[in-house]
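Undergrad: build me a model from this:
(chains A, B, C, D, E and F)
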Number of protein chains: 4
Amino acid sequence: MLLKIQFENETPIYEQLRNQIIMGIAKGELKEGESMPSVRQLAADLGINLHTVNKTYNLLKNEGFLVVHRRKSVIVNTLEAINQIDISEKLDQVLSPLVAEAICRGLGTDDLSQIVKRIYSNITKETK
Amino acid sequence: MLLKIQFENETPIYEQLRNQIIMGIAKGELKEGESMPSVRQLAADLGINLHTVNKTYNLLKNEGFLVVHRRKSVIVNTLEAINQIDISEKLDQVLSPLVAEAICRGLGTDDLSQIVKRIYSNITKETK
Amino acid sequence: MLLKIQFENETPIYEQLRNQIIMGIAKGELKEGESMPSVRQLAADLGINLHTVNKTYNLLKNEGFLVVHRRKSVIVNTLEAINQIDISEKLDQVLSPLVAEAICRGLGTDDLSQIVKRIYSNITKETK
Amino acid sequence: MLLKIQFENETPIYEQLRNQIIMGIAKGELKEGESMPSVRQLAADLGINLHTVNKTYNLLKNEGFLVVHRRKSVIVNTLEAINQIDISEKLDQVLSPLVAEAICRGLGTDDLSQIVKRIYSNITKETK
DNA sequence: GTGGTCTAGACCACG
DNA sequence: GTGGTCTAGACCACT
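TA: Predicted structure coming up:
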């Protein structure tokens, strides 16, 4: 599982990290029960502060993706547990302005569906 | 066209405003060539800072939604001009982490398409 | 609303702060919509670091007690919103070992009810 | 008496162990004078560190639940001795913030009494 | 050695 | 001036 930070990017580091870890879980590169690197280790590898990694881990814990294991430090939660959380509200809130913008830019409902499908396939096809 | 700010929302005011104006254009409530309220007036109406409205207008100008009319008022750009801008890159960047999260939460490609279609219809059906 | 930190206490500062703010809301000293002091202000008043206050505020936001208001900084959430969150699970988890210990120490179910009632009254009677 | 550790739980292992042993005494599964498994054995059974079991035993000795028997094995103290210790202060300190939170969440004094009674019954009814 | 907590100082986005 | 983010260094509880 390769993680990479774009320091010149406007999205906060802790959020880039969060997104990439979620991507890893979605792709199946990070399996349930698998140990995450320690905050210090990951911080050193990425050249960032351990508190930033810590913030990411805490965020992912709150979102149900990770859990602290008292022997194996931080691990990926069971897929079942991750699955139980409903994000339809979040999807609506984020997608609404995006779809509105897409409409203004001349995209139709089929264009959007196709884009979503392509992104979906790109993520799932690479399952290892 | 009714604009409403949620002060307790995590998204910045200037961005809420931007999203709502884009939504207005998508719905057809704001037609091309229509003039926007003055910065001063809109700020007063919404109870927000002049700078905030200004920031929104500037952002929308940069994105091609608004244009300055005779160096005075601000008007909605022609739909054709708005249409010419390509947002596929932006869509990819924003949708990728979202789709990844949706996959983790157990949503399939059809679920997502359906959600997008529903949001799409909700916006376009209310065209006035 | 008077807040006080016991530095010699084993419970973390951010948690002491959290408990006292919740107590304030329960007593009605902190009303819904009321502004909390800024993190810098409160940190200075209590002689602690602003990040510690920040952590408390974030915790209380996640628990639904506080919300950020883009003009009034951080405010107390509506009582209705606070009310909607179910803590029965948490109560069970925290109370079970406590009740078990109480049983070992010879307390009956009535003793416990009475203690709870007394604490309850002490909090609510001082409503202002 | 079955002991089980949840490694993914936020409460420290030594505390989980302590709570379960107290629960055992409260239920009557652990009778006075009964000898506890050796530190080494219990650690092996649960797959945890020796130090952790040791810490739990020491804690329980300090709290009066366990005593050393003939400088070898550790046994459950007499119920009378356990009974003599007053925990009203501790109860107040732990219950106060909890009751305050419950009030905020809309629970009344009767709701709380009922919850406590239910937990109480669940523990005592299973006496063996 | 792990994560959790606290302090400290700095910069930035927002309003 | 507000909260949000990031860095840095320190101590502690837990295992």
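Undergrad: contacts and neighbour counts: CA atoms only from here.
TA: Fine.
Undergrad: dihedrals phi and psi, the closest residue to A:Thr109 other than its chain neighbours?
TA: Of all residues not flanking A:Thr109 in the chain, B:Lys117 sits nearest, at 6.0 Å (Cα to Cα, 6 or more residues apart in numbering or on different chains). Backbone torsions for B:Lys117, taken as degrees, to the nearest 10, come to phi -60, psi -40.
Undergrad: any stretches of chain A with poor pLDDT?
TA: Within chain A, the segments meeting pLDDT under 70 span A:126-128.
Undergrad: tally of neighbours for the closest residue to chain D within it?
TA: Taking Cα to the nearest Cα, chain D has its nearest neighbour within chain A at A:His69, 4.5 Å off. For A:His69, the tally of surrounding residues (other Cα atoms under 10 Å in any protein chain shown) stands at 18.
Undergrad: so it sits against D:Phe7, correct?
TA: Yes - the criterion here is Cα atoms under 8 Å, and A:His69 meets it with D:Phe7 at 5.3 Å.
Undergrad: what sits up against the helix or strand harbouring A:Arg118?
TA: Assessed by DSSP states H and E, A:Arg118 sits inside helix A:109-124. Applying Cα atoms under 8 Å, 6 or more residues apart in numbering or on different chains, the contact partners of helix A:109-124 are A:23, A:26-27, B:92, B:95-96, B:99-100, B:109, B:112-113, B:116-117, B:120.
Undergrad: mind running it again at 7 Å?
TA: A:27, B:96, B:99, B:109, B:113, B:117, B:120 (Cα atoms under 7 Å, 6 or more residues apart in numbering or on different chains).
Undergrad: got the angle for it vs helix B:109-124?
TA: 150 degrees (axes from the mean of the first three to the mean of the last three Cα atoms, to 10 degrees).
Undergrad: may I see the buried residues of helix A:109-124?
TA: A:109, A:112-113, A:115-117, A:119-120, A:123 (16 or more other Cα atoms under 10 Å in any protein chain shown).
Undergrad: could you chop chain A up by domain?
TA: A:13-83, A:88-124 (automatic domain parsing).
Undergrad: between the ones you listed, which gets nearest to DNA strand F?
TA: domain A:13-83 (3.4 Å; Cα to the nearest atom of the strand).
Undergrad: do stretch A:99-106 and chain B meet?
TA: Yes - Stretch A:99-106 lies within reach of chain B by Cα under 7 Å from any Cα of the partner chain, at A:99-101, A:103-106.
Undergrad: restrict that stretch to CA atoms and write it as PDB.
TA: Below are the C-alpha coordinates for stretch A:99-106, written out as PDB (Å, rounded to 0.1, in the frame of the first residue of the first chain):
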ATOM      1  CA  VAL A  99     -24.400  17.800 -10.000                       C
ATOM      2  CA  ALA A 100     -25.700  21.400 -10.300                       C
ATOM      3  CA  GLU A 101     -22.400  22.500 -11.600                       C
ATOM      4  CA  ALA A 102     -22.200  19.600 -14.000                       C
ATOM      5  CA  ILE A 103     -25.700  20.500 -15.300                       C
ATOM      6  CA  CYS A 104     -24.500  24.100 -16.000                       C
ATOM      7  CA  ARG A 105     -21.500  22.700 -17.800                       C
ATOM      8  CA  GLY A 106     -23.800  20.800 -20.100                       C
END
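Undergrad: contacts for it next, please.
TA: B:22-23, B:25-26, B:82-85, B:120.
Undergrad: list buried residues within these.
TA: Buried among the contacts of stretch A:99-106 by 16+ other Cα under 10 Å: B:22-23, B:25-26, B:82-83, B:120.
Undergrad: how many other residues sit next to whatever residue of chain A ends up closest to DNA strand E?
TA: When distances are taken as Cα to the nearest atom of the strand, chain A reaches nearest to DNA strand E at A:Ser38, 3.3 Å away. Neighbourhood size, A:Ser38 [other Cα under 10 Å]: 16.
Undergrad: part of a helix, is A:Gly75?
TA: Quick fix: residue A:75 is Ile, not Gly. No - read with DSSP: H, G, I helix; E, B strand; the rest coil, A:Ile75 is strand and lies in no helix.
Undergrad: once you drop chain neighbours, what's closest to it?
TA: A:Ser35 (4.3 Å).
Undergrad: so the one you found sits against A:Arg70, correct?
TA: No - taking contacts as Cα atoms under 7 Å, A:Ser35 lies outside contact range of A:Arg70: 11.4 Å.
Undergrad: you'd agree A:Val67 is in a helix?
TA: No - read with three-state DSSP, A:Val67 is strand and lies in no helix.
Undergrad: any idea what it is bridged to?
TA: Beta-bridge partners recorded for A:Val67 (DSSP bridges): A:Ile75.
Undergrad: is it in contact with A:Val76, as I believe?
TA: Yes - with contacts counted by Cα under 7 Å, A:Val67 reaches A:Val76, the gap being 6.4 Å.
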